[in-house]
Structures are given as structure tokens and as C-alpha cells.
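Visitor: Generate coordinates for the sequence data below:
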Amino acid sequence: LQSIVLNEGLEYIGNGSLERNNLKGELVIPSTVKYIGYDAFKDKNVTKLTLNKSMKSIFNDALRCNDVIEHISVDPENVYFKDIDGVLFTKSGKTLIQYPANKPGTSYTVPTNADIVGTAAFAYNKNLESVLVLPDTPVINDFAFMKMEKIESINAPKSYRVGDGAFYDCPNLKSVAMVY
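Guide: Below you'll find the predicted structure:
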């Protein structure tokens with residue numbers, strides 16, 4: 001596919017609905033879409049995703065295996081989500097939902113007001129070598145750092161809940177520092 005046109009009026013992008021196609025480039029979600037399901041953009045070549053002001057729900061794994069996405073932006077009028085430098089968060093900033101898998105840069109510090117690193121939030125990242133989770137972030141959800149190619153160290157002091165498979169299949173991971 002060279003392009004997909006998602007027309008106004010569409011409200012739901014279902015589970016796996018755009019999975020495994022050759023769509024390339026930027027995908028702008030129509031203003032009427034409110035929900036994006038599991039694996040909706042799995043294995044895509046979408047490099048930039050823009051979420052509209054009407055978006056209410058995006059499943060944690062909507063971008064699973066999309067290892068070329070560099071940037072996620074959110075309409076500032078959205079009351080559920082926001083982006084901080086191309087990273088997707090809940091509007092309050094309390095949950096880091098998705099760090100783009102191909103976002104340039106080798107290190108990242110989770111913002112101080114984030115309480116939760118979401119399910120698969122950093123999964124499949126190709127560039128990060130280190131992540132610092134500040135003491136104010138007590139929860140690292142399931143598969144948060146799964147299949148990160150270059151990650152060497154994760155420093156997560158005072159995290160008291162680490163989910164299943166949080167560090168699954170990270171071949172270069174040498175250090176996980178978790179002190180309470």
C-alpha cells in the first residue's frame with residue numbers, strides 16, 4: 001500500500017485492522033476516531049503518528065513491532081493524552097504510554113511526574129542504550145522494556161512493582177539497578 005485514507009466519520013480502528021501492510025510515512029488519524037485497538041498498526045512503516053483531539057483510548061500494543069516510528073504527536077485539545085517531545089503520555093503525564101521505537105537518541109529520562117511506565121512502553125526500541133526511571137516512578141508495567149536491541153542499562157531506583165517480562169529479550173542489557 002502506498003497510502004491509506006481514513007475518512008472522517010470513522011470512530012474505531014480495530015484490533016489488527018492495519019496490521020502487516022506496506023504503508024510508509026506519516027499517518028494522521030481523522031478527528032472522529034476515538035479508539036485504537038490492539039495491534040492496529042503492528043509491523044507498520046509509519047514514521048510519524050498524529051492523534052486527534054477526540055481520541056479517548058489507544059491500546060498499549062497498538063504500535064507493537066512498529067520499529068520505524070520516530071514521533072507521536074497529540075492535538076493539544078485532547079483531554080486524555082499529550083505528547084512530550086514525541087513521546088505519548090496520559091494527559092496528566094502520570095503514565096508514559098509509548099516511547100517511539102525509532103526515536104533518535106541513545107538515552108532517556110522518564111519525567112519526574114510519571115508514576116507508571118506503561119505496558120510495552122519502550123518495547124522494540126532500536127536506539128536507546130540507557131533509561132533512567134526516577135524515584136518518583138514506582139511502577140514498571142509488563143513488557144515495558146521488552147526486545148530493546150541496544151539497551152545496556154536501566155536505572156530504576158525505588159520502583160516497587162516490576163511487571164512480567166519487563167526486561168524480556170534485551171540481548172545487550174548489562175545492568176538493571178533497582179534499589180529501594
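Visitor: Helix or strand with the lowest mean pLDDT in this protein?
Guide: strand 24-28 (a mean of 70; mean pLDDT, DSSP states H and E).
Visitor: Quick check: what element follows that strand along the chain?
Guide: Following strand 24-28 in sequence order, the next helix or strand is strand 35-36 (DSSP states H and E).
Visitor: What pairs with that following strand, parallel or antiparallel?
Guide: Strand pairing for strand 35-36, determined by DSSP bridges: strand 12-13 (parallel), strand 57-58 (parallel).
Visitor: nearest spatial neighbour of Ile72, skipping sequence neighbours?
Guide: In space, and not counting its chain neighbours, Ile72 is closest to Leu88: 4.6 Å by Cβ to Cβ, 6 or more residues apart in numbering. (Glycine included, C-beta is placed from N, CA and C.)
Visitor: I meant Val162, not that one.
Guide: In space, Val162 is closest to Ile140, 4.8 Å off (Cβ to Cβ, 6+ apart).
Visitor: what's the pLDDT at the one you found?
Guide: pLDDT, Ile140: 92.
Visitor: what's Lys103 in contact with, if anything?
Guide: Ile69, Glu70, His71, Gly86, Val87, Asn125, Asn127 (Cβ atoms under 8 Å, 6 or more residues apart in numbering).
Visitor: just to revisit the earlier point, okay, the strands paired with strand 35-36, which one's buried deepest?
Guide: Greatest average neighbour count among the strands paired with strand 35-36 goes to strand 57-58 (a mean of 20), per mean count of other Cβ atoms under 10 Å.
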